[in-house]
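Q: Any chance you could fold what I've pasted below:
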Amino acid sequence: MGRPRGNRREDQEGGAERWNRGRRDDGGRQDRGGRGDVGDQDGDQRRDRGWRRDDGNLSRGGDRGRRDDGNMSRGGDRGRRERQQPDRNGGRNGDGVRTLSRSVSEAPEDGAPARVGKPDEGDEAGRSDVEEAGDEEGRGRRRQQAASRSLLHSHREEPELPATHHHRSKDKKKKGERFNKREWVLDEENDAELAEMDALKRMQEEKAARVRAKAAAEARKAREALEKDVYIPGNISVAQLADKFGVKVMHLQRKMVELGMGEDVRGAAFLLNVDDATSLALEYNLNPIIDSDRGYNIYPEPEDDPSKSPLRPPVVTIMGHVDHGKTTLLDALRHTSVAAGEAGGITQHIGAFSVPLSSLQKDADSDSTITFLDTPGHAAFTGMRARGASVTDLVVLVVAADDGVMPQTKEVINLVQKEGDNVGLVVAINKCDKPQIDVAKVKAGLGAEGIILEEDGGDVPSVRVSGLARLGLDDLVETLATLAEVRDLRAREDGKAEGWVLESNVDKGLGTVATVLVTRGTLRDGAPIVAGNTWARVRTMTDSAGNPVGEAGPGTPVSVTGWRDVPIAGDQLLEAPSEAKAKSCIDNRLRDQQRKQLAEDAEVINIRRQEDRLRLEAERVEVKAAKEAGVSVQQALHNARRAAAEAADSGRKELRLIIKADVSGTVEAVVGSLSAIGNKEAGVKIVHTGVGNVTESDVMLGDAADGTVIGFNVVCPRAIQSAASDAGVPVITDGVIYRLIDNVRARVAALLPPRIETRVIGEATVSMIFPIKSGRKVVKNIAGCKIMNGTIAKADKVRVLRDREVVFEGLMDTLKHMKKDVLEMRKGTECGVALEGFDDIREGDQIVTFQTFEVARELN
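A: Sure, this is the predicted structure:
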């Protein structure tokens with residue numbers, strides 16, 4: 001009976017040791033020599049780990065400090081330190097050698113658990129001295145003490161002795177210290193890895209920065225080289241050289257005086273030799289290249305002595321606000337009915353025609369004529385009005401007597417005032433046949449703009465007319481003839497022709513047709529001419545009535561065919577010495593334009609590279625902040641790129657347009673009107689413009705650019721419409737400018753991000769917090785709420801307010817009434833609310849549920 005009893009006590013001792021000390025029996029047995037032989041594979045595995053407990057002690061150096069036999073290994077720092085001093089208790093092993101560790105062997109018999117490790121101050125066995133390996137009496141006494149403790153612990157509900165409790169707390173503290181130390185080591189390794197990644201990223205960024213800097217330097221060098229090159233074709237006038245330098249004639253003349261070239265060269269027509277032109281180019285930091293071919297261009301000839309030139313017909317432009325009767329007045333002057341055929345009842349082109357004075361005045365010279373220009377009054381045609389004012393001699397400002405001074409009326413006054421004495425002004429107060437007119441209001445409005453009529457003591461003549469009733473026309477013509485005579489309008493008729501392009505369009509049978517106004521010289525059939533970046537050999541010329549003419553003198557508007565490309569309204573027309581010279585001139589102009597475009601492209605590239613650099617810098621800052629906050633680098637990069645994408649999405653939205661119109665002048669007007677639509681959030685971007693009907697290439701361009709095709713006064717054939725529909729390209733055609741503008745405005749407004757409106761649905765107050773635990777850990781907080789207003793629905797969005805500050809905004813995870821899941825709760829009831837991703841809910845917080853709605857915005 002003694003043997004089994006002894007076994008039970010030993011088992012109880014082993015159980016007490018495992019309960020009180022949280023240690024696992026790894027099967028080690030203590031022999032007489034004080035060495036514990038491993039009898040358990042788990043013990044080997046536990047000892048192979050870095051920081052571990054083998055028999056109740058922590059290894060002191062990982063694998064180097066591992067305990068293989070119940071004692072501290074001789075490897076590792078601690079092992080070395082303990083090897084240098086004997087055991088403080090002077091213990092020896094079975095061979096008579098002093099032990100090198102402070103651990104104690106406590107299980108002399110088979111089946112008893114091996115107790116090894118540092119003696120614990122709270123344990124009696126731990127406080128006992130280390131005995132000699134062969135001392136049987138000491139070992140028996142320790143067995144009896146351990147067995148009595150185990151028996152005592154087995155009869156208690158809470159088997160925790162004060163000493164054991166103290167020992168476990170101490171063990172936990174030591175374990176925590178070891179774990180923290182290990183965590184610190186791992187953090188160091190992680191920091192080293194992150195530092196290596198950061199260094200690699202910095203190297204990549206520096207390399208990319210060097211590549212960008214090199215590319216930018218090369219682009220800048222190329223741009224500067226392109227900008228500095230200037231081709232000088234031998235002798236050149238001051239005005240021509242100023243045009244090549246891109247400076248004003250006055251500035252160039254001042255520079256010439258500074259260089260001591262003399263006062264006699266201040267005229268714009270003065271010819272400079274190659275040396276002087278080269279010196280001036282160097283003064284402007286330009287690179288002069290003497291090349292007669294590449295530097296060749298065509299310029300207007302110097303002004304003639306007016307007294308030696310014959311009289312020419314006056315050019316009169318009819319201007320004013322929309323629907324004030326300008327075209328009706330012109331119809332009355334030339335006995336036609338153009339106004340009835342205008343789309344929408346408004347003029348949308350510049351009309352140019354000559355009217356013989358003999359048809360207006362009985363005693364007028366049969367050869368005398370007046371050239372009239374009819375400009376649009378709609379706000380979209382500002383460019384046309386400005387162009388009309390720049391080529392005209394006299395302006396007839398038409399003001400409706402029943403409407404007074406309007407916005408476009410003021411615009412015309414400003415244009416005339418800018419021209420100064422170069423343009424004369426006549427005010428025609430129209431619609432005087434109507435019963436309800438207010439001439440005094442018209443005069444007051446004109447006076448507010450600085451226009452004082454002659455009848456009121458000013459210097460601006462005025463005539464009261466009615467185009468519809470044909471009243472006051474004789475007075476208007478007489479006033480115009482008198483002003484033309486006073487201004488003594490003259491121009492040379494011989495020499496090369498000069499003029500201005502008023503309109504251009506593509507005719508199906510004639511090709512490209514341009515309406516030009518000759519200002520000097522005589523334009524003849526077959527003459528080589530240039531305008532802008534295109535040239536022509538005159539094939540045919542027709543007057544305003546459609547009759548073919550062989551030549552056109554100063555002040556005569558004609559339609560010219562034979563153009564290689566569509567000239568732009570407002571380009572200056574110049575006659576070339578020969579067709580070869582015309583081609584050379586256009587080639588050089590196109591080359592200069594390409595050089596300027598390359599410079600602009602380089603600037604765009606630099607801007608984009610700057611944006612990329614800023615984006616990389618933002619990513620670097622995000623990564624640095626993530627490291628400091630302990631967030632993953634990948635998540636930080638994802639956040640930075642998402643923010644950059646959101647910033648790009650939040651940029652200005654654009655409606656890309658491909659614009660086609662019947663004539664180049666209206667193309668300009670449509671571009672000007674549509675480009676002004678938009679604000680900082682959305683607007684219009686013109687991708688391409690052209691003259692003529694909508695073609696398949698326009699649809700293909702719209703598909704590639706994700707754009708919309710706009711056709712003004714042109715036709716889109718059915719086949720093209722079908723192709724556009726298949727490609728998903730919108731095509732808008734209209735013949736009235738304001739309807740077209742309204743259509744595009746609505747499409748731009750649709751690009752605006754909608755306005756988000758919020759509607760509060762319910763309000764609740766948190767009265768109690770119910771923590772949901774898993775073991776001892778709180779996994780979620782449930783807010784016990786009382787609904788104060790409205791309805792709390794699970795599907796609604798939620799805000800949490802604390803001291804009137806929003807601390808959370810998101811979604812609801814669960815909504816319960818008692819223990820039942822519900823979808824909504826109404827005012828006066830109580831419920832439990834759990835929020836998605838937010839557990840910092842507190843008593844006294846307010847929960848507000850709301851819904852958001854998208855509202856379409858209007859374009860301001």
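Q: For the rest of this, base every contact and every neighbour count on C-alpha atoms.
A: Will do.
Q: was I right about Gly325 contacting Ala400?
A: Yes. Here Gly325 lies in contact with Ala400, judged by CA atoms under 8 Å, at a distance of 7.3 Å.
Q: more neighbours, the two?
A: Neighbour tally, Gly325 and Ala400, criterion other CA atoms under 10 Å: the higher count belongs to Ala400, 28 against 25.
Q: Am I right that that one is in contact with Lys326?
A: No. Taking contact to mean CA under 8 Å, the distance of 9.5 Å between Ala400 and Lys326 leaves them out of contact.
Q: thinking again about what came up before, quick check: neighbours shared by Gly325 and Ala400?
A: Residues touching both Gly325 and Ala400 (CA atoms under 8 Å, 6 or more residues apart in numbering) are Asn430, Lys431.
Q: Could I get the buried residue list for the longest strand along the chain?
A: Ranked by residue count and defined by DSSP state E, the top strand of the chain is strand 755-774. Of all the residues in strand 755-774, those buried under the rule 16 or more other CA atoms under 10 Å are Val760, Ile761, Gly762, Glu763, Ala764, Thr765, Val766, Met768, Ile769.
Q: who's in contact with the second one?
A: By CA under 8 Å, 6+ apart, the contact list for Ile761 reads Gly790, Thr791, Ile792, Val848, Thr849, Phe850, Gln851.
Q: Let me have the residues you listed in TSV, extended by distance to Val274, neighbour count and pLDDT.
A: What follows is the contacts of Ile761, written out as TSV (distance: CA to CA, whole Å; neighbours: other CA atoms under 10 Å; pLDDT from 0 to 100):
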residue	distance to Val274	neighbour count	pLDDT
Gly790	89	17	92
Thr791	89	22	92
Ile792	88	28	92
Val848	82	23	94
Thr849	82	26	94
Phe850	79	19	94
Gln851	77	14	91
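Q: can you count the residues close to the spatially closest residue to Gly707 that is not a sequence neighbour?
A: Sequence neighbours aside, Arg656 is the residue nearest to Gly707 in space, at 4.5 Å (criterion: CA to CA, 6 or more residues apart in numbering). A count of neighbours around Arg656, defined by other CA under 10 Å, yields 19.
Q: same deal with the one 10 residues further on?
A: Other residues within reach of Thr666 by the criterion other CA under 10 Å amount to 28.
Q: per-residue confidence at it?
A: Note on Thr666: pLDDT of 78.
Q: That one sits in which helix or strand?
A: If you go by DSSP states H and E, Thr666 is part of helix 664-675.
Q: Quick one: list the elements packing against that helix.
A: Packing contacts for helix 664-675, counted by 3 or more CA pairs under 8 Å, 6 or more residues apart in numbering; DSSP states H and E, involve helix 382-391, strand 498-507, strand 653-661, strand 682-691, helix 737-751.
Q: Apply 10 Å and report the result again.
A: Applying 3 or more CA pairs under 10 Å, 6 or more residues apart in numbering; DSSP states H and E, one finds that helix 664-675 makes contact with helix 382-391, strand 498-507, strand 653-661, strand 682-691, strand 708-712, helix 737-751.
Q: correct me, but Lys780 touches Thr814?
A: No. With contact defined as CA atoms under 10 Å, Lys780 and Thr814 do not form a contacting pair (11.2 Å).
Q: For those two, list the residues in contact with both.
A: When contacts are counted by CA atoms under 10 Å, 6 or more residues apart in numbering, Lys780 and Thr814 have Ala834, Leu835, Glu836 as shared neighbours.
Q: tell me the contacts of the last one?
A: Right, Glu836. With contact taken as CA under 10 Å, 6+ apart, Glu836 is in contact with Lys780, Val798, Glu809, Gly810, Leu811, Met812, Asp813, Thr814.
Q: avg pLDDT for stretch 592-599?
A: Computed over stretch 592-599, the mean pLDDT rounds to 72.
Q: Take the helices and strands packed on helix 664-675 and lay them out in JSON lines including mean pLDDT and distance to Arg254.
A: Conversion of those to JSON lines gives the following (pLDDT from 0 to 100; distance: least, CA to CA, whole Å):
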{"stretch": "helix 382-391", "mean pLDDT": "56", "distance to Arg254": "27"}
{"stretch": "strand 498-507", "mean pLDDT": "84", "distance to Arg254": "29"}
{"stretch": "strand 653-661", "mean pLDDT": "89", "distance to Arg254": "44"}
{"stretch": "strand 682-691", "mean pLDDT": "87", "distance to Arg254": "40"}
{"stretch": "strand 708-712", "mean pLDDT": "92", "distance to Arg254": "47"}
{"stretch": "helix 737-751", "mean pLDDT": "88", "distance to Arg254": "47"}
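Q: Which parts of the stretch 451-600 of the chain are helices?
A: Counting by DSSP state H, counting those that start in this stretch, one finds helices in the stretch 451-600 of the chain at the ranges 473-487, 579-629.
Q: So for stretch 771-786, mean pLDDT?
A: If you average the pLDDT over stretch 771-786, you get 85.
Q: That stretch: which residues count as buried?
A: Of the residues in stretch 771-786, those with enough neighbours to count as buried (16+ other CA under 10 Å) are Lys780, Asn781, Ile782, Ala783, Gly784, Cys785, Lys786.
Q: Now it - C-alpha only, CSV.
A: Taking C-alpha atoms only, stretch 771-786 is exported to CSV below (Å, rounded to 0.1, in the frame of the first residue of the first chain):
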residue,chain,number,x,y,z
PRO,A,771,-20.4,45.9,-23.5
ILE,A,772,-20.4,42.6,-25.4
LYS,A,773,-17.5,40.4,-24.1
SER,A,774,-15.7,37.4,-25.5
GLY,A,775,-14.0,36.0,-22.4
ARG,A,776,-12.6,39.0,-20.7
LYS,A,777,-12.2,41.1,-23.8
VAL,A,778,-14.9,43.6,-24.9
VAL,A,779,-15.6,43.0,-28.6
LYS,A,780,-18.4,45.5,-29.1
ASN,A,781,-20.3,48.2,-27.4
ILE,A,782,-24.1,48.3,-27.7
ALA,A,783,-25.7,51.8,-27.2
GLY,A,784,-28.9,51.7,-25.3
CYS,A,785,-30.9,54.6,-26.8
LYS,A,786,-34.2,56.3,-26.4
